[in-house]
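[1] Predicted structure and sequence below. I'll ask about it afterward.
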Amino acid sequence: MNQLYTFLVFLLIVTRVPLYSQDSSADPLLRMPQDLSQLNLECDQVSSFQKNLHNLEGVKSLRIKGCNLSDLPRGIENLKGLELLSIQDNEISTLPENLEDLKELQVLNLRGNNFKSFPKVLLNLPKLREIDFAYNTNLNVVQTVNSLAEIPKLDFLYLTGLNISTLPSEMKELTVLEELHLDHNPNMDIDQVIGVLSSMTSLIILNLESNNLKRVPPNIAELKLAGLVLDDNSHLNLEQAFNRLAEIKTLQVLLLRNNHLKFIPDNINALSYLDVLELGGNNLSDTEKARIIAALPNTKVVF
């Protein structure tokens, strides 16, 4: 339970490894520790990276963020042991075919780029299990979901900020998906989306943050969720939501942060089976906090 809670609370946090030392070498890459398995490239180090690939065979994690790259740097395919590749916040729209040489790659972060269609080369990565397509705003979601169904080990997926209103029915073909982020899609038809997800028996964590939700569909009880994120949905009818969520007996962690809440409905006690309830970033008085804690004696309530 502690692992699940930690993961939900610290969504999207990446620990940054400092690259620069006191070495004043003219080559930026030579200022880094030599035995580095987690490599976070600064923008001025990208060209040096290509020149020093023979010294980087042990790299398992590579991050290149916000460097206005239109293509992957040449040579990445030579990092045969690479397990994580993050190219967040660049201008990349395609991936090279030789990326299929990264047979150990498990985690791929394409967030904030210019992908319009699913890169087919990803189908040739046998260990790939996590993909982040967030904020590729022109991405063809239907084509992408159809292709994702062909990745046998995919269990973690970000479809954040893609202007999604409905999900294709093919989504249910992601038969081992455990964690899905659909946050920041404010025009979402929540009834249709939950209808598609309801048959996904492997799904245990769902993020619906900042989706302008007003209600929770009745069929949400068909999901076997352990964690649900409803942060920043300030128009949500909580009394109705609690009645629906009370039917998900597998639910352990519920996040309701930043919802401008001053009061919590009396039927909050219907969620007494929760392990953790997150209410940070609201406007609850000390008296109201005490009432909530009394209503959920076996729940860790975090304000």
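    Structure's in. What do you need?

[2] which residues of the protein fall in strands?
    Using DSSP state E, the strands of the chain run over 38-41, 61-64, 84-86, 107-109, 130-132, 156-158, 179-181, 205-207, 227-229, 253-255, 276-278, 300-302.

[3] I'd like these as JSON lines, with mean neighbour count and distance to residue 122 appended.
    Glycine gets a C-beta too; all of them are placed from N, C-alpha and C. Putting the strands of the chain into JSON lines (neighbours: other CB atoms under 10 Å; distance: least, CB to CB, whole Å) gives the following:
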{"stretch": "strand 38-41", "mean neighbour count": "18", "distance to residue 122": "21"}
{"stretch": "strand 61-64", "mean neighbour count": "20", "distance to residue 122": "16"}
{"stretch": "strand 84-86", "mean neighbour count": "19", "distance to residue 122": "11"}
{"stretch": "strand 107-109", "mean neighbour count": "20", "distance to residue 122": "7"}
{"stretch": "strand 130-132", "mean neighbour count": "20", "distance to residue 122": "7"}
{"stretch": "strand 156-158", "mean neighbour count": "21", "distance to residue 122": "12"}
{"stretch": "strand 179-181", "mean neighbour count": "22", "distance to residue 122": "18"}
{"stretch": "strand 205-207", "mean neighbour count": "22", "distance to residue 122": "22"}
{"stretch": "strand 227-229", "mean neighbour count": "23", "distance to residue 122": "26"}
{"stretch": "strand 253-255", "mean neighbour count": "23", "distance to residue 122": "30"}
{"stretch": "strand 276-278", "mean neighbour count": "20", "distance to residue 122": "33"}
{"stretch": "strand 300-302", "mean neighbour count": "15", "distance to residue 122": "37"}
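
[4] And those strands: which comes nearest residue 284?
    strand 300-302 (10.1 Å; CB to CB).

[5] Report all helices and strands that that closest one contacts.
    If you count contacts as 3 or more CB pairs under 8 Å, 6 or more residues apart in numbering; DSSP states H and E, strand 300-302 packs onto strand 276-278, helix 286-295.
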